[in-house]
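**Student:** Fold the following.
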Amino acid sequence: MSTAADLPANISSTRHSLPKVAWAKGSYLHDVNGKTYIDGSGGPAVYCLGHANEEVNAAIIGQLGRIAHGYRYNFTTDALEELTAILRERTGMADMVFVTGGSEAVESCMKIALQYQTAIGQKTRRRFISRQRSWHGNTLGALGLSGFAERTAPFEGAFVPSIKLSPANVYRPAPGATAATAGAACAAELEAVILREGPENIAAFVFEPVVGAAGGCVPAPPGYAAAVRDICTKYGVLMVADEVMCGAGRCGTWRALEADGVMPDIMSVAKGLAGGYQPLGAALASAAISEAIHDAHGAFQTGHTFTGHTAACAAGVAVQKIVAREGLVSRVAGNEARLKQGLADAFAGVEAVGDIRGRGHFIAAELVADRASKTPFPAERKLYMKIREAALENGLICYPVGGNVDGVNGDIVILAPPYNATDDELGEIIDKTARSVRQVLAAEGLG
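**Tutor:** Down below sits the predicted model:
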């Protein structure tokens, strides 16, 4: 099986030049040559309302006509205050910092965790714990948290790595665990590591409630998140939920951890927050975290020039109003079974599809060379890249990723359609996904 050292430097690049997009509407995009693509993954799980929504565009244009950006140290704005109120209601979190994307949101979560520990007199708590098969972003702090060798390898030595735990994955349990015991085993591993490293040295545990690109829509095993919550509380370790990809309604609840009945101390959100209409993310904190920081330091010491950007917040307000008014989070939850069953039916007889999993409009199919052993296809085959190319040829945008098993080997295909995609559009996405995967497997002599 391949290792990171064996891989060509361009494994993340496509073999052919990309098409040039000209315009888009709803679930469809059109390139300059007139070809049409259905957006089966919302790009990278971003476009929750599809493209060119007139109400969202009008809100942004209206805001630009008044003021584009009221700098946060000079002014507050209606858009900032309204979005703050919306997120407090959606999440139950007390305070937040708005940023321009997911990596920055995770970075801000890390800084808030460190600032809190300092504020309460626990400045020795500087270390973070996270998991293998996780992806938290492209800043140096977020790279240090991430367990995704293909994306982190070029930067190792420049970032401070977190302490890495086993992935929490029912389909691929940690050594010695079973599907039934996967959650308990991973929670026990967290407690053991905290004790080994010393609770007084650990600032926070950071995890994706439903792992995105690094694992392929892997939900937390039953009972895992609740056990982690108890362990973090017991040892004074902050629980940080990275919901950049899986949050904002993508998994059928506004917070992904709602399905697990758990509240984090700090959380990140981004992609579906403004649906790609403007760059927007947020780091949110509980009342206890916020109050300790404000009492000690007066404010969160994170953020940048464009934190709380007015037009971006206006986009977020417009997107979230539509999501609420149209009941789209409930629609996403109701479509989960449709998507899973549709993919299962479309892949009937394809032995290389080992698992179909996920929540809501965040579903993945994992490919395996052998179903019984769950052995992945070797990375040299680059199946995920070939599936991406076949999908584009078939007029489908999906999100295939490699390395989901060990950071190098493994192939998954993620679907994350717009929340308001019609039943017919979901059917088209399923059909074109199955057609693309079948074509690649046949061309490779694999099925």
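**Student:** what domains does the record give for the protein?
**Tutor:** Domain ranges of the chain: 4-52+327-443, 54-325, per automatic domain parsing.
**Student:** Do a quick rundown of the helices in the protein.
**Tutor:** 42-45, 54-66, 78-91, 102-119, 140-145, 149-152, 182-197, 224-235, 271-274, 287-297, 310-325, 328-346, 383-393, 423-443 (DSSP state H).
**Student:** Residue 145 and residue 151: what is the separation?
**Tutor:** Applying Cβ to Cβ, to the nearest Å, the value for residue 145 to residue 151 is 12 Å. For the C-beta atoms, the positions are set from N, CA and C on the backbone; glycine is no exception.
**Student:** Looking at the two, which one has more neighbours?
**Tutor:** For residue 145 versus residue 151, neighbours defined as other Cβ atoms under 10 Å are more numerous around residue 145 (31 against 19).
**Student:** low-scoring stretches of the stretch 301-447 of the chain, by residue?
**Tutor:** 447 (pLDDT under 70).
**Student:** Just the pLDDT at the most centrally placed residue in the chain, thanks.
**Tutor:** The centroid of the chain falls nearest to residue 245 when counting by Cα atoms, centre = their mean (2.1 Å). Listed pLDDT for residue 245 reads 98.
**Student:** ditto for residue 230
**Tutor:** pLDDT, read off for residue 230, is 98.
**Student:** and it, what does it touch?
**Tutor:** Neighbouring residues of residue 230 by Cβ atoms under 8 Å, 6 or more residues apart in numbering: there are none.
**Student:** can you check residue 172 too?
**Tutor:** 374, 405.
**Student:** on that earlier part again, deepest of the domains of the chain, which one?
**Tutor:** Of the domains of the chain, the one with the most neighbours on average (mean count of other Cβ atoms under 10 Å) is domain 54-325, at a mean of 21.
**Student:** The residue nearest to the centre of the chain contacts residue 102, correct?
**Tutor:** Yes: in this structure, residue 245 is within contact of residue 102 by Cβ atoms under 8 Å, at 7.2 Å.
**Student:** and for those two, which residues touch both?
**Tutor:** With Cβ under 8 Å, 6+ apart, residue 245 and residue 102 have common neighbours 270-271.
**Student:** Once you drop chain neighbours, what's closest to residue 250?
**Tutor:** With Cβ to Cβ, 6 or more residues apart in numbering as the criterion, residue 250 has its nearest non-adjacent residue at 4.9 Å, and that residue is residue 362.
**Student:** measure the one you found to residue 251 for me?
**Tutor:** Following Cβ to Cβ, the distance that separates residue 362 from residue 251 is 5 Å.
**Student:** Can you pull the residues that touch both of those two?
**Tutor:** Counting by Cβ under 8 Å, 6+ apart, the residues touching both residue 362 and residue 251 are residue 210.
**Student:** dump the residue contacts of residue 84.
**Tutor:** residue 96 are the contacts of residue 84 under Cβ under 8 Å, 6+ apart.
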